[in-house]
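Trainee: One predicted model, sequence on top.
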Amino acid sequence: MMPLRQQLRDESDFDQLPDDVPISATIADIEEKKGFIDYFRFVIEVKTKGASKYLIYRRYREFFNLHQVLEARYSPEVPDKPGPNTIILPSLPGKVFMGVKQDIAESRIPELNTYMKAMFDFRGNDKAELNLKRGEVIFLLRRVNADWLEGTVNNQTGIFPKSFVKIIKPLPESESEGEGGAHTYSYLRCFLLTPSGVATRDVCVQEDLTIQPSYKELLSRMRNVFKEDDIAVNYRDPEGDLIRILDDEDVQLMIKESCVQQVNDKRPVNQFPWELHVTMTSDLSVYNTEA
């Protein structure tokens, strides 16, 4: 029986995807390429949600490199025991160092097809791949390879196919390209605390992580984000208690304390080290009033 989580995804998120999104990939053939080194590459037929098809061409080493990246980031230290931020990846056929190249390539087709099917089947159902919904803004972290990106959205960090999204702010082509004063997108994690629960928002900020906003700027932005006017902005101190922000000096103190805590926090590289907790102005029950 199909797991409920996968069934709900198939019935909701899938319908929201554009027609040109790939939904399956199958190796249809192999092709010999001649040059300084002769090699074979796999001819992969990709089918889209809209029932169209196209071909892409990949060498085995591209499968291998992608798998190494995924293993380094998501594989559990103890086999068969995934933790909260790990998954058990499908098996990739191993390298072969001796034999006829064409025979080796042809022998890999069944296992690689199984591998690709597994990669498509676990989309969005684990910690490696992001759940994507139409209209969401994903904060890009890095390229995995030519077809896959890594980013953050809704408290999740993971990979996703580049073809699923429209790039608003591209990543630098090289590590040095993002230096020299060029702005990149950062994001601020915010929480709205209400009696009915907590709402989380990742707010896109076109400033680098060293920016120190004013109290009025933070208050105005939070009013716009959560569509509430009568609010207070807060942060959590090292003991976990909420501290209400009332002026620019409180903002400075928040940033100073967050830099101390940042050493122990494992956050994406483009996330501000401080977070905002938004409450209703009249709600004083959220504060620790013990002496």
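Mentor: Structure received.

Trainee: switch to C-alpha atoms for all contacts and neighbour counts from now on
Mentor: Will do.

Trainee: How many residues are close by K216?
Mentor: Using other CA atoms under 10 Å, K216 is surrounded by 12 other residues.

Trainee: ok so it is a strand residue?
Mentor: No: under DSSP: H, G, I helix; E, B strand; the rest coil, K216 sits outside any strand and is assigned helix.

Trainee: quick one: contacts for it?
Mentor: Going by CA atoms under 8 Å, 6 or more residues apart in numbering, K216 touches D247.

Trainee: Now the strand or helix carrying V260: buried residues?
Mentor: Using DSSP states H and E, V260 sits within helix 248-261. Buried residues in helix 248-261, counting neighbours by 16 or more other CA atoms under 10 Å, are found at 248, 250-252, 254-255, 257-258.

Trainee: Out of these, which is nearest to L149?
Mentor: For the buried residues of helix 248-261, the closest approach to L149 (CA to CA) belongs to S258, at 28.5 Å.

Trainee: Show the average pLDDT along stretch 107-122.
Mentor: Confidence over stretch 107-122, taken as the mean pLDDT, stands at 76.

Trainee: quick revisit: next SSE after the helix holding V260?
Mentor: Past helix 248-261, the next helix or strand by DSSP H and E is strand 276-280.

Trainee: contact partners of the helix holding V260?
Mentor: Residues contacting helix 248-261 (CA under 8 Å, 6+ apart): 212-215, 235, 237-238, 245, 273-274.

Trainee: For these, give me CSV that also has neighbour count, pLDDT and distance to K49.
Mentor: Shown next, in CSV, are these (neighbours: other CA atoms under 10 Å; pLDDT from 0 to 100; distance: CA to CA, whole Å):
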residue, neighbour count, pLDDT, distance to K49
Q212, 12, 85, 45
P213, 11, 88, 44
S214, 14, 91, 46
Y215, 17, 93, 47
Y235, 25, 93, 44
D237, 14, 88, 48
P238, 11, 85, 48
I245, 21, 95, 48
P273, 25, 87, 39
W274, 20, 89, 40
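
Trainee: now those residues as TSV including distance to P22?
Mentor: Output for the contacts of helix 248-261, formatted as TSV (distance: CA to CA, whole Å):
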residue	distance to P22
Q212	42
P213	41
S214	44
Y215	45
Y235	42
D237	45
P238	45
I245	47
P273	36
W274	37
